[in-house]
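Asks: Return atomic coordinates for the entry below.
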Amino acid sequence: MSGAWQFYISTLLIYLGVDVMACWGLNLQFGYAGLVNFSFIIFQAAGAYTAAVLTLGRPTPADFQTYVGGAHWPFPLPFLAAAVAGALLAAGVGAIGLRRLRADYEAMVMLVVSLIATSVVTNATGLVNGANGLDLVPPPLLGVVHLGPLAYQWFYVGLTAALCLLVYLVVHRITGSPLGRSLRAMRENEPAAAALGRNVTQLRLAAFVVGGAIAGLSGAVLVQFLSAWSPGAWLYPETFVYFTAVIVGGSGNNLGAAVGALLVPVAFLEAVRFLPPFGPPGLIDAIQWIVIGLLAMVFLWFWPRGIVPERRRRFPRRIPSRSAADGPAR
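Replies: The predicted model follows:
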């Protein structure tokens with residue numbers, strides 16, 4: 001296989017790993033807890049900016065970009081800090097937006113939060129360099145492994161796969177535990193879950209914070225691969241791509257979310273690159289977003305459970321013991 005093909009395939013695998021992690025975080029919020037988080041992309045952006053600032057070092061007057069803070073933290077501290085940043089931002093947003101609001105109002109609040117965050121970061125140039133974003137973010141462990149560009153690319157594929165495995169173990173442990181059953185009960189019937197003694201507010205906030213931490217980690221992986229990040233990379237339509245992936249793959253199923261990440265953000269969007277150019281400039285991009293919206297609508301209407309539906313859980317019926325069935329002894 002030629003070097004060009006290896007570079008292309010390894011790049012796709014890294015994007016796939018980032019999208020799978022993001023879809024698992026969104027699936028925990030939407031598929032298991034029933035939270036319609038239209039601001040999901042801002043938590044990924046928070047992780048990306050945190051990891052970038054903590055590896056770029058302190059800005060100097062001669063730099064072409066300005067940002068708050070700055071450090072040279074070694075791997076894996078920027079990744080951990082990105083996850084913490086996503087979790088803290090989710091805790092702050094969730095404490096305000098998840099209390100006493102129905103799902104439709106939650107979705108509206110989250111969408112507004114996403115628009116506000118984009119506007120603030122774009123116009124506050126001293127925060128993270130405004131609309132130009134951050135550039136020249138150093139890749140992790142580049143000076144330690146001493147690999148060539150192509151070999152380092154495959155090394156980053158392995159690093160991304162290891163982080164995907166870690167995220168999967170965390171998500172699988174949560175969704176397969178009593179906490180996961182409580183989240184599904186809350187999703188299906190929130191008043192009934194509250195009547196059974198579950199603290200619905202804490203459950204919603206827990207799913208929101210863990211999903212935000214996973215989003216922050218995925219943003220750190222992406223920014224240290226791309227070496228750049230700007231507000232144009234995390235506009236609110238990106239959230240709808242992740243939602244479409246979860247819906248197509250199968251919400252409430254970790255395997256389904258991974259399948260959706262493979263089909264929608266990677267396979268479907270990458271296939272557009274091979275189309276011959278036609279029409280005025282920007283027409284293909286516009287058609288691409290239209291098709292993504294139609295894809296979500298078709299699955300919601302005809303195949304709402306997705307390609308890999310959520311597994312129906314059946315519990316064995318309790319059979320009363322013989323002594324209990326026979327009644328009290330005479």
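Asks: make it CA atoms for all contacts and neighbour counts henceforth
Replies: OK.
Asks: ok, residue 205 - how many residues close by?
Replies: Residue 205 sits with 23 neighbouring residues when counted by other C-alpha atoms under 10 Å.
Asks: can you pull the buried residues of the host helix or strand of it?
Replies: Using DSSP states H and E, residue 205 sits in helix 200-226. Using 16 or more other C-alpha atoms under 10 Å as the test for burial, helix 200-226 gives 200, 203-225.
Asks: The nearest residue to residue 56 once chain neighbours are set aside and residue 37, how far apart?
Replies: Nearest non-adjacent residue to residue 56, counting by C-alpha to C-alpha, 6 or more residues apart in numbering: residue 137, 5.8 Å away. Distance of residue 137 to residue 37, given as C-alpha to C-alpha, to the nearest Å: 29 Å.
Asks: the more surrounded of the two?
Replies: residue 37 (25 against 20).
Asks: for the more buried one, what are its contacts?
Replies: By C-alpha atoms under 8 Å, 6 or more residues apart in numbering, residue 37 lies in contact with 26, 29-30, 106-107, 110-111.
Asks: ok, now with 6 Å
Replies: By C-alpha atoms under 6 Å, 6 or more residues apart in numbering, the residues touching residue 37 are residue 110.
Asks: So it lies in a helix, does it not?
Replies: No. Residue 37: not assigned to a helix; according to DSSP: H, G, I helix; E, B strand; the rest coil it is coil.
Asks: Kindly state the pLDDT recorded for it?
Replies: You'll see residue 37 listed with a pLDDT of 89.
Asks: Next up, phi/psi of it, please.
Replies: phi -100, psi 90 (degrees, to the nearest 10).
Asks: quick one: it from residue 227, how far?
Replies: 27 Å.
Asks: Run the chain-centre distance for the helix or strand containing residue 116.
Replies: Element membership for residue 116, per DSSP H and E: helix 103-123. The chain centroid and the centroid of helix 103-123 are separated by 16 Å, computed with C-alpha atoms, centre = their mean, to the nearest Å.
Asks: in the stretch 51-200 of the chain, which spans are strands?
Replies: Assigned by DSSP state E, counting those that start in this stretch, the stretch 51-200 of the chain shows strands spanning 134-135.
Asks: Show the low-confidence segments of it, by residue range.
Replies: 100-103 (pLDDT under 70).
Asks: can you pull out the helices in it?
Replies: Assigned by DSSP state H, counting those that start in this stretch, the stretch 51-200 of the chain shows helices spanning 77-97, 103-123, 125-128, 142-145, 149-175, 178-188, 190-195, 200-226.
Asks: for these, which one sits closest to residue 251?
Replies: helix 178-188 (11.5 Å; C-alpha to C-alpha).
Asks: tell me which residues in that closest one are buried?
Replies: 180, 182-187.
Asks: Helix 200-226 and that helix, what's the angle between them?
Replies: Following axes from the mean of the first three to the mean of the last three C-alpha atoms, to 10 degrees, one obtains 110 degrees for the angle between helix 178-188 and helix 200-226.
Asks: Please state the offset of helix 178-188 from the chain centre?
Replies: Here helix 178-188 is found 20 Å from its chain centre; the criterion is C-alpha atoms, centre = their mean.
Asks: can you check stretch 169-184 too?
Replies: The chain centroid and the centroid of stretch 169-184 are separated by 17 Å under C-alpha atoms, centre = their mean.
Asks: how long is it end to end?
Replies: Stretch 169-184 stretches 19 Å from its first residue to its last (C-alpha to C-alpha).
Asks: What lies in contact with that stretch?
Replies: By C-alpha under 6 Å, 6+ apart, the list of residues contacting stretch 169-184 reads 32-33.
Asks: try 8 Å
Replies: So stretch 169-184 is contacted by 24, 28, 32-33, 193, 198, 203-204, 207, 254 (C-alpha under 8 Å, 6+ apart).
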